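Novice: fold the following and give me the result.
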Amino acid sequence: MADPTTTRRRLLELGGTAILAALAGCNTAAPRTGTDTPASAMSSETPGTETATETPTETATSPYTRVYRQVSDSVVLVRTDTGQGSGFVARPSYVVTNAHVVDDAATAEIRFSGGRWSRGEIVGTDPHSDLAVIALPGSAPDAEALSFAEEPAVVGQEVVAIGNPFDLDGSVTAGIVSGTDRWIPAPTGSRIPDAIQTDAAVNPGNSGGPLVSLDGRVVAVISSGGGENIAFGISAALARRVVPALVEDGRFEHPYIGVTLLGLTPDLARANGMATPRGVLVTAVDEDGPAAGVVRGGTEIRVVDGRRVRVGGDVILAIDGERMQTTEDLGSYLALQTRPGDTVELTLLRDGTELTVEVELGARPA
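Specialist: This next block holds a predicted model:
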């Protein structure tokens with residue numbers, strides 16, 4: 001991965017030419033000197049030139065200016081010995097960021113707006129959701145805590161991403177919510193349900209920063225950028241469950257059912273004796289998991305849609321009466337509606353017959 005100092009110099013030489021988005025927040029650790037230009041050194045004016053200013057009318061009519069001014073003082077840069085990203089104050093004296101930003105570090109340096117620094121203690125990480133919480137000392141600068149959105153994000157909703165891409169302090173990009181209920185990779189190799197997709201530009205250094213609605217509420221915690229117009233974040237709904245547990249206990253237990261699932265295509269449905277696709281196919285069951293002996297996995301391997309698939313297992317049609325159309329539906333329901341120890345009712349299709357079984361959920365293994 002390119003040295004951040006060189007990358008930023010190249011970025012400035014290109015005059016802001018768009019750079020292909022990659023995994024956000026995976027900057028290598030920046031040198032301690034020579035990389036952060038003080039704000040005062042960048043605000044001087046060239047003699048004999050006039051500085052463009054916004055008129056009050058322009059400022060008043062710009063929703064992006066308003067939300068930036070409302071939120072930016074609460075957005076921080078997070079730096080450890082192994083890398084850096086962004087974060088934001090989500091509770092008084094606590095910063096939220098990504099687990100992959102802090103990795104295994106015990107402490108992190110936090111840079112607030114205006115170049116003020118503080119050192120925080122990492123009090124909780126959850127690689128399964130890619131979230132982490134950093135406790136700030138009493139001497140840290142005051143910053144207003146941002147609120148997580150209570151209402152689900154909707155496709156087409158305007159949002160802005162605020163963070164520190166390429167160590168460019170307090171950068172803002174705008175876009176819309178491009179999709180909801182996505183599954184994205186977690187640092188553990190599993191997948192994070194209920195993720196938010198956006199076309200707002202996200203680059204290395206944005207990870208852990210907020211994706212906010214125009215009223216200043218956090219819609220998602222930015223996690224990654226996968227293409228020129230595709231980026232993802234952990235939903236506010238999932239963060240609202242995980243963050244309090246990280247503050248109080250340093251960890252979060254995710255519900256675990258212990259099955260491997262596959263969405264049904266028409267060909268795969270026919271291979272399982274179904275006239276039309278409905279529900280999600282169980283291809284395997286963890287023999288030590290909660291569903292062992294209750295739910296049945298695939299019994300034979302066939303080539304379907306050009307790949308080898310284990311077929312013949314149960315099809316999960318519903319959980320607690322809620323119909324499951326996709327694997328994303330099932331993952332989001334478990335993540336947002338259940339906890340380890342809960343008993344869920346599964347409606348299954350087995351050998352053409354519907355039946356109902358109960359499974360007591362466990363905690364996802366590390």
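
Novice: mind naming the longest helix for this structure?
Specialist: Of all segments of type helix in the chain, defined using DSSP state H, the longest is helix 236-249.

Novice: I'd like the next helix or strand past the longest strand anywhere in the chain.
Specialist: In the chain, ranked by residue count with DSSP state E as the criterion, the top strand is strand 171-185. Going down the chain from strand 171-185, the next helix or strand is strand 191-198, by DSSP states H and E.

Novice: tell me which other helices or strands that following strand touches.
Specialist: The criterion is 3 or more C-beta pairs under 8 Å, 6 or more residues apart in numbering; DSSP states H and E, and the helices and strands that strand 191-198 contacts are strand 171-185, strand 218-227, strand 230-235, helix 236-249, helix 327-337. (C-beta placed from N, C-alpha, C; glycine too.)

Novice: would you reformat these as JSON lines and include mean pLDDT, mean neighbour count and distance to residue 201?
Specialist: Conversion of the helices and strands packed on strand 191-198 to JSON lines gives the following (pLDDT from 0 to 100; neighbours: other C-beta atoms under 10 Å; distance: least, C-beta to C-beta, whole Å):
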{"stretch": "strand 171-185", "mean pLDDT": "95", "mean neighbour count": "18", "distance to residue 201": "4"}
{"stretch": "strand 218-227", "mean pLDDT": "88", "mean neighbour count": "26", "distance to residue 201": "8"}
{"stretch": "strand 230-235", "mean pLDDT": "96", "mean neighbour count": "28", "distance to residue 201": "8"}
{"stretch": "helix 236-249", "mean pLDDT": "97", "mean neighbour count": "20", "distance to residue 201": "21"}
{"stretch": "helix 327-337", "mean pLDDT": "95", "mean neighbour count": "19", "distance to residue 201": "25"}
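
Novice: rebuild the ones you listed as a markdown table, extending it with distance to residue 157.
Specialist: A markdown table is the format used below for the helices and strands packed on strand 191-198 (distance: least, C-beta to C-beta, whole Å):
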| stretch | distance to residue 157 |
| --- | --- |
| strand 171-185 | 4 |
| strand 218-227 | 7 |
| strand 230-235 | 13 |
| helix 236-249 | 12 |
| helix 327-337 | 18 |
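
Novice: looking at these, which is nearest to residue 265?
Specialist: When the helices and strands packed on strand 191-198 are ranked by distance to residue 265, counting by C-beta to C-beta, first place goes to helix 327-337 at 12.3 Å.

Novice: tell me the angle the helix or strand just after that closest one makes with helix 327-337.
Specialist: Remark: after helix 327-337, the chain's next helix or strand is strand 343-350, criterion DSSP H and E. Per axes from the mean of the first three to the mean of the last three C-alpha atoms, to 10 degrees, the angle that strand 343-350 makes with helix 327-337 is 170 degrees.

Novice: list the buried residues in the helix or strand just after strand 343-350.
Specialist: For strand 343-350, the succeeding helix or strand toward the C-terminus, using DSSP H and E, is strand 353-360. Applying a neighbour-count criterion of 16 or more other C-beta atoms under 10 Å, the buried positions in strand 353-360 are residue 359.

Novice: tell me how far strand 353-360 is from the chain's mean position?
Specialist: Put simply, strand 353-360 sits 32 Å off its chain's centre (C-alpha atoms, centre = their mean, to the nearest Å).

Novice: then stretch 224-232?
Specialist: Computed by C-alpha atoms, centre = their mean, the separation of stretch 224-232 from the middle of its chain amounts to 12 Å.

Novice: and for stretch 249-259?
Specialist: Remark: stretch 249-259 is offset 17 Å from the chain centroid, using C-alpha atoms, centre = their mean.

Novice: do the same with stretch 151-167
Specialist: Distance, centroid of stretch 151-167 to centroid of chain: 11 Å (C-alpha atoms, centre = their mean).

Novice: quick one: contacts for the closest residue to residue 90 other than its chain neighbours?
Specialist: With C-beta to C-beta, 6 or more residues apart in numbering as the criterion, residue 90 has its nearest non-adjacent residue at 4.2 Å, and that residue is residue 96. With contact taken as C-beta atoms under 8 Å, 6 or more residues apart in numbering, residue 96 is in contact with 87-90, 131-134, 208, 221, 239, 243.

Novice: returning to that earlier point: strand partners of the longest strand of the chain, parallel vs antiparallel please.
Specialist: Sheet neighbours of strand 171-185, with direction, are listed as strand 158-163 (antiparallel), strand 191-198 (antiparallel) (DSSP bridges).

Novice: now those in JSON lines, with mean pLDDT, mean neighbour count and distance to residue 344?
Specialist: What follows is these, written out as JSON lines (pLDDT from 0 to 100; neighbours: other C-beta under 10 Å; distance: least, C-beta to C-beta, whole Å):
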{"stretch": "strand 158-163", "mean pLDDT": "97", "mean neighbour count": "24", "distance to residue 344": "33"}
{"stretch": "strand 191-198", "mean pLDDT": "96", "mean neighbour count": "25", "distance to residue 344": "15"}
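
Novice: how about those in TSV, adding distance to residue 81?
Specialist: Compiled in TSV, the strands paired with strand 171-185 are given as follows (distance: least, C-beta to C-beta, whole Å):
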stretch	distance to residue 81
strand 158-163	20
strand 191-198	26
